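*Asks:* Turn this into a model:
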Amino acid sequence: MITEPTILLVEPTHYDVSYSINPWMDPLRWAADPHGMHRGALRAFAELRDALQAAGFGLEIVAGEPGLPDMVFPANAAVVLDGRALLARFRYPQRQGEEAPFARIFAELRERGLLDDVATLANGCYQEGAGDCIWDAVRGHFWAGFGPRSARCAADAVGAYFGREVVALELATAQSYHLDVCFCPLAGGEILYYPPAFTEAALRELHARLPASQRIEASADDLRHFSVNAVNLHDRIVMARTTPRLRDALGKRGYRVHEVDLAPFMLSGGGAYCMTLRLDRSTSMRQGSGMAGDEAAGGQPAVAAA
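*Replies:* Okay, here's the model as predicted:
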């Protein structure tokens, strides 16, 4: 089982935008300059890789497969916690072909001792990985999106497999087709989220569980920049190029933002979080007191390893 912050990445060798299964996907724009777009994707991937390493992550980088361009978004491949992985069941045929190669990748991770157990959801219970089931290290539970891609039954299946509470939140728009597009728990206990992405019932659930001081509301402009789709470790945040407003808001809370030009991947509706999958998430991760709280050893804020 992995104990250090570690992320799974999939090389973009076979990445393109050739179909549309969410409102962000723009195959016509890709087709206008496929070679230039692909070169841009390779550069963006290298920049993201370097940013993640600079933030303190170890990386497991695997190859994708021809004909499966969205394998470059491994956040959707599985939910991982405590060395156990629950593999995704994709709703759309365009992504269902990813299930077999990802199963092989996770089997290899288990054989290498990086995971202890790998399981698969029942047929027909759609669940698209950590993109729709996000671990909150501060609160010790999952937040699970359902509606556009993942089924409501998946939240119960995740809870049964991992033995942890799962808070189900219904998504209300096609733009926020996965929870990670519009919702991001941060290490200081805050939640960065886009309120119009959720049903009224989901917002009531969120507000009941989160004081106003821990709610950071993203704007429609932030959503378009895929700024909510971010990767956080301690006080470091890696995200696509963001808005001045959000950059300033996060900075005032003590976060250091590293922006990466992910435009080629945003053409498929993905940002930094979509392109990553944490393999080290654990229920035993240190619980933080917030970015404004006491400083930990070495002068770092005492926060959870979100």
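*Asks:* Tell me where the model's unsure across the protein.
*Replies:* 285-306 (pLDDT under 70).
*Asks:* quick one: the helices in it?
*Replies:* Ranges of helices in the chain, per DSSP state H, are 27-32, 34-55, 93-96, 99-111, 152-162, 200-209, 220-224, 244-252, 263-266.
*Asks:* Need the winner for burial among those.
*Replies:* Mean neighbour count (mean count of other Cβ atoms under 10 Å) peaks for helix 263-266 among the helices of the chain, with a mean of 22. For glycine as for every other residue, the C-beta is placed from the backbone atoms N, C-alpha and C.
*Asks:* For it, what is the distance to the chain centroid?
*Replies:* Here the centre of helix 263-266 is set off from its chain's centre by 15 Å, with Cα atoms, centre = their mean, to the nearest Å.
*Asks:* what about stretch 167-179, how long is it end to end?
*Replies:* Distance between the two ends of stretch 167-179: 12 Å, counting by Cα to Cα, to the nearest Å.
*Asks:* chain center to it, what's the gap?
*Replies:* 13 Å.
*Asks:* in that stretch, what counts as buried?
*Replies:* Residues Val167, Ala168, Leu169, Glu170, Leu171, Ala172, Thr173, Gln175, Ser176, Tyr177, His178, Leu179 are the ones in stretch 167-179 that count as buried (16 or more other Cβ atoms under 10 Å).
*Asks:* How about the fourth one: what's its closest non-neighbour residue?
*Replies:* Once flanking residues are discounted, Glu170 sits nearest to Thr199: 4.4 Å by Cβ to Cβ, 6 or more residues apart in numbering.
*Asks:* Hmm, that neighbour is touching Ala172, no?
*Replies:* Yes - with contact defined as Cβ atoms under 8 Å, Thr199 reaches Ala172; the gap is 4.8 Å.
*Asks:* What distance do you get for Trp135 to Phe162?
*Replies:* To Phe162, Trp135 is 9 Å away according to Cβ to Cβ, to the nearest Å.
*Asks:* Common neighbours of these two, please.
*Replies:* Residues touching both Trp135 and Phe162 (Cβ atoms under 8 Å, 6 or more residues apart in numbering) are Val79, Leu81, Phe142.
*Asks:* Format the buried residues of stretch 167-179 as JSON lines; extra columns: distance to Gly58.
*Replies:* Listed next are the buried residues of stretch 167-179 as JSON lines, based on distance: Cβ to Cβ, whole Å:
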{"residue": "Val167", "distance to Gly58": "29"}
{"residue": "Ala168", "distance to Gly58": "32"}
{"residue": "Leu169", "distance to Gly58": "30"}
{"residue": "Glu170", "distance to Gly58": "35"}
{"residue": "Leu171", "distance to Gly58": "32"}
{"residue": "Ala172", "distance to Gly58": "36"}
{"residue": "Thr173", "distance to Gly58": "35"}
{"residue": "Gln175", "distance to Gly58": "33"}
{"residue": "Ser176", "distance to Gly58": "30"}
{"residue": "Tyr177", "distance to Gly58": "30"}
{"residue": "His178", "distance to Gly58": "25"}
{"residue": "Leu179", "distance to Gly58": "25"}
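*Asks:* can you tell me which of the residues you listed lies nearest to Glu111?
*Replies:* Distance to Glu111, by Cβ to Cβ, is smallest for His178 among the buried residues of stretch 167-179, at 29.2 Å.
*Asks:* List the contacts of the nearest residue to that closest one once chain neighbours are set aside.
*Replies:* Excluding the flanking residues, the one nearest His178 by Cβ to Cβ, 6+ apart is Gly131, at 4.0 Å. Counting by Cβ under 8 Å, 6+ apart, Gly131 touches Phe73, Ala75, Asn76, Arg149, His178, Leu179, Asp180, Tyr273, Cys274.
*Asks:* Could I have the buried ones of the residues you listed as ChimeraX selection syntax?
*Replies:* Only the buried entries of these go into this ChimeraX selection, using 16+ other Cβ under 10 Å:
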select :73,75,76,149,178,179,180,273,274
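*Asks:* of all the contacts of Gly131, which two lie farthest apart?
*Replies:* Farthest pair in the contacts of Gly131, by Cβ to Cβ: Arg149 and Tyr273, 14.8 Å.
*Asks:* Quick check: phi and psi on the residue nearest to the spatial centre of the chain?
*Replies:* Geometric centre of the chain, nearest residue: Tyr273, 3.6 Å, by Cα atoms, centre = their mean. Main-chain dihedrals, Tyr273, degrees, to the nearest 10: phi -70, psi -40.
*Asks:* what's the answer for Pro23, then?
*Replies:* According to degrees, to the nearest 10, Pro23 has phi -70, psi -20.
*Asks:* count of neighbours near it?
*Replies:* 12 (other Cβ atoms under 10 Å).
*Asks:* check contacts around it.
*Replies:* Ala174, Gln175, Tyr177, Gly269.
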